[in-house]
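Peer 1: just a sequence and a predicted model for now, questions to come.
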Amino acid sequence: MTTYYPIMLQLKGKYCVIIGGGKVANRKVTSLLNAGAIVTVISPVLHEKLQEKWRNHLITWLEKSFEASDVEDAFCIIAATNLPDVNAKIKESAMSHQLVNIVDDASGSNFIVPATLKRGDLTIAVSTSGTNPGLAKKLKDDLSLQFDDYYGEYVAFLQNARTEVLTNVIDEISKKQLLEALLRPEFLTLTKEGKIAEREELFQHYLKRGIAPWQ
Ligand SMILES: C[C@@]1(CC(=O)O)c2cc3[nH]c(cc4nc(cc5[nH]c(cc(n2)[C@H]1CCC(=O)O)[C@@](C)(CC(=O)O)[C@@H]5CCC(=O)O)C(CC(=O)O)=C4CCC(=O)O)c(CCC(=O)O)c3CC(=O)O
Ligand SMILES: NC(=O)C1=CN([C@@H]2O[C@H](COP(=O)(O)OP(=O)(O)OC[C@H]3O[C@@H](n4cnc5c(N)ncnc54)[C@H](O)[C@@H]3O)[C@@H](O)[C@H]2O)C=CC1
């Protein structure tokens, strides 16, 4: 059993190379682009959705088969061909300091990709440590019902409110109580109901008192 170390990677401006141009490559490319990576795809053929990304100048496409020199300068490498031998060769070409994901070989990868759900700045990631990716996807889909779209707005509110508390409240006990109080269900319920003005009013009321009234 492998014990993984979960992290959130900052990939903005990082050079990532994906080898293979199929459905799986497209999924990995989509999430890399969302994270701001600079993406090059190496493949003689491109899936329709990757072709669209290429036409829109979102990716660089090298219309060729894999060669070891393709991954030399990459921060992150994803081997997503349908040929296990080629994927194994990609793994061998990578240096030990490079991030490498081999889509058909979890134990040969030094990172694997969880199923993720994004709601604004909130990310919920589910991994089965590679034992059942389908379950990771299912759990993510189940969680998407509980963590509905309004969560993005809720998290943005919490971010601003937390900043306001940290900036304005000097007394450490009041600060701690207010930060705890922000996570009580009232603020989530008001967000869910779209009562944004009332939510702000309630927060300002607590902020002015310097201490949450229910404490
Ligand atoms: C180890 C890992 C490596 C990696 O890719 O990083 C890996 C490996 C493999 N996946 C396989 C199959 C499937 N993978 C999916 C789906 C996803 N797979 C993803 C991640 C991972 N897959 C990593 C571990 C994640 C974890 O820790 O649990 C997700 C979560 C994230 C993403 O890809 O972005 C994404 C959901 C995206 C979403 O949220 O929608 C589905 C379902 C579907 O496609 O609908 C199936 C078919 C059902 C099934 O087989 O279970 C196979 C067999 C291939 C074959 O048959 O040859 C292998 C190879 C092996 O197991 O050795
Ligand atoms: N990790 C994951 O989430 C999953 C992994 N898989 C694995 O991923 C593999 C790929 O799946 P798909 O994208 O559906 O396959 P696919 O057949 O649609 O795509 C394979 C791509 O690899 C390219 N390719 C083949 N040889 C190459 C080479 N020498 N150099 C560069 N590119 C090359 C092909 O042109 C094609 O674009 C599957 O064989 C399976 O083992 C499958 C499902 C999920």
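Peer 2: Yes, it's here. Ligands and ions are numbered 1, 2, ... in the order given.
Peer 1: list the residues that contact the closest residue to ligand 2 within the chain.
Peer 2: At 2.1 Å from ligand 2, Gly22 is the closest residue in the chain, using C-beta to the nearest ligand atom. All C-beta spots, glycine's among them, are computed from the backbone N, C-alpha and C. Taking C-beta atoms under 8 Å, 6 or more residues apart in numbering, we find Gly22 in contact with 43, 47, 80-82.
Peer 1: Lys140 now?
Peer 2: Here Lys140 is in contact with 115-117, 124, 126 (C-beta under 8 Å, 6+ apart).
Peer 1: tell me how many other residues crowd Glu164.
Peer 2: By other C-beta atoms under 10 Å, 15 other residues sit near Glu164.
Peer 1: and it, what pLDDT?
Peer 2: Here, the pLDDT recorded for Glu164 equals 95.
Peer 1: can you say which helix or strand has it in it?
Peer 2: Assigned by DSSP states H and E, Glu164 belongs to helix 150-168.
Peer 1: and that helix, what does it pack against?
Peer 2: strand 115-119, strand 122-126, helix 172-182, helix 185-192, helix 196-209 (3 or more C-beta pairs under 8 Å, 6 or more residues apart in numbering; DSSP states H and E).
Peer 1: is it possible to get a markdown table of the ones you listed that adds mean neighbour count?
Peer 2: Listed next are the helices and strands packed on helix 150-168 as a markdown table, based on neighbours: other C-beta atoms under 10 Å:
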| stretch | mean neighbour count |
| --- | --- |
| strand 115-119 | 17 |
| strand 122-126 | 15 |
| helix 172-182 | 16 |
| helix 185-192 | 16 |
| helix 196-209 | 14 |
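Peer 1: and ligand 1, which of these is closest to it?
Peer 2: Checking the helices and strands packed on helix 150-168 against ligand 1 by C-beta to the nearest ligand atom gives strand 115-119 as the closest, at 3.7 Å.
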